[in-house]
Each structure stands twice: as structure tokens, then as C-alpha cells.
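Visitor: got a predicted structure plus its sequence, pasted below:
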Amino acid sequence: MSDKNTTNNGTHLTLENRQEIQACLDKGMTFKAIGRRIEKDPTTVSKEVKKHLQQKPLAPNRSQPSGVCPKLLKPPFVCNPCKQRPYACAFLKQFYYAIPAQGEYKALLHDAREGIPLGKEEFYKNQRVISDGIKRGQHLYHSL
């Protein structure tokens, strides 16, 4: 997949990458195979899946079995490829879905770029504290 929309020179995954990850997980592919397919490191794929797991609660009339489904303890950590879902398995289910993962990514990116809202007075107060600490030989992070 070397289409201009899906290959990203940066480190960020695109919606198309995430959709491909979901489709590959549905087929039961490994992180290594998915990584090759979207031209990303398998570790990137693994971190993406773990970070954006969507848990589905049990039906109201079902009781929680003791323990966790053994299939969720090893890669790919999701129920996407499981043949028993959604009706036969009594365990809590977790899936990877591209659209919610993209939404979470965009929200995090927006929050990170927004910065810290400081008023003029608060800015100068913080600037004085940091400057005084540095003048005393303190490390920048210690001054905070």
C-alpha cells in the first residue's frame, strides 16, 4: 500500500492505516504482517492496538466468568478475529476499531497543540519563579 493517502512520511498513523489495521486484525493477521502491509514497524501496530482497545460489556443477563479469556493475553489482544464472538463467549470482549481510534488520536493531538492557557499576570509570576531558580543554579525542571 504505497498510495499517497496511506503512506505517511512522519510517524503518525492515518485513518487509512487504522482501517487497514482493523481489517487485518479481523482476518487474524500478526502485528508483523500488518506492519509490513502498512509500512510501519510491528511495535507501532502493537502499541496502536493496545492503546485504543474498545471493551464491550457483557450482556445484562450474563455473569462474568472468573479470569480473562486466554486469547486476550497474547497478541493481537483483541476479539476481532475470534470465531466465537459475539454470542458464544462469556468473557469480556475487547476490539480494535479504526474510527474511534482515529477520534481518540485527533483529540489527543488537539489537546497537545492547544497549550497552557496563562494570563499575563500568571505568565510573569511563573517566569519569575523559573528565572530565580535558574539563577540559584537549579535545574529547569526542579524550578517548576
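Guide: Good, I have the coordinates.
Visitor: going by C-alpha atoms from here, please, whenever you check contacts or count neighbours.
Guide: OK.
Visitor: what residues of the helix or strand of the chain with the lowest mean pLDDT count as buried?
Guide: Across the helices and strands of the chain, mean pLDDT, DSSP states H and E gives its lowest value to helix 140-143, namely a mean of 74. For helix 140-143, burial by neighbour count (16 or more other Cα atoms under 10 Å) applies to no residue.
Visitor: can you give me the helices for the chain?
Guide: Chain-ordered helices for the chain, with DSSP state H as the definition, fall at 15-26, 31-38, 42-51, 98-114, 120-135, 140-143.
Visitor: deepest-packed of those helices, please.
Guide: helix 15-26 (a mean of 20; mean count of other Cα atoms under 10 Å).
Visitor: show me what that helix is packed up against.
Guide: Using 3 or more Cα pairs under 8 Å, 6 or more residues apart in numbering; DSSP states H and E as the contact definition, the elements that helix 15-26 packs against are helix 31-38, helix 98-114.
Visitor: the first one vs helix 42-51, what angle?
Guide: Read it as helix 31-38. Between the axes of helix 31-38 and helix 42-51, defined by axes from the mean of the first three to the mean of the last three Cα atoms, to 10 degrees, the angle is 110 degrees.
Visitor: the chain should start at 8 in everything you say after this.
Guide: Right, with 8 as the first residue, what we last looked at is helix 38-45.
Visitor: what angle do helix 38-45 and helix 22-33 make?
Guide: Computed with the same axes, to 10 degrees, the direction of helix 38-45 lies at 140 degrees from that of helix 22-33.
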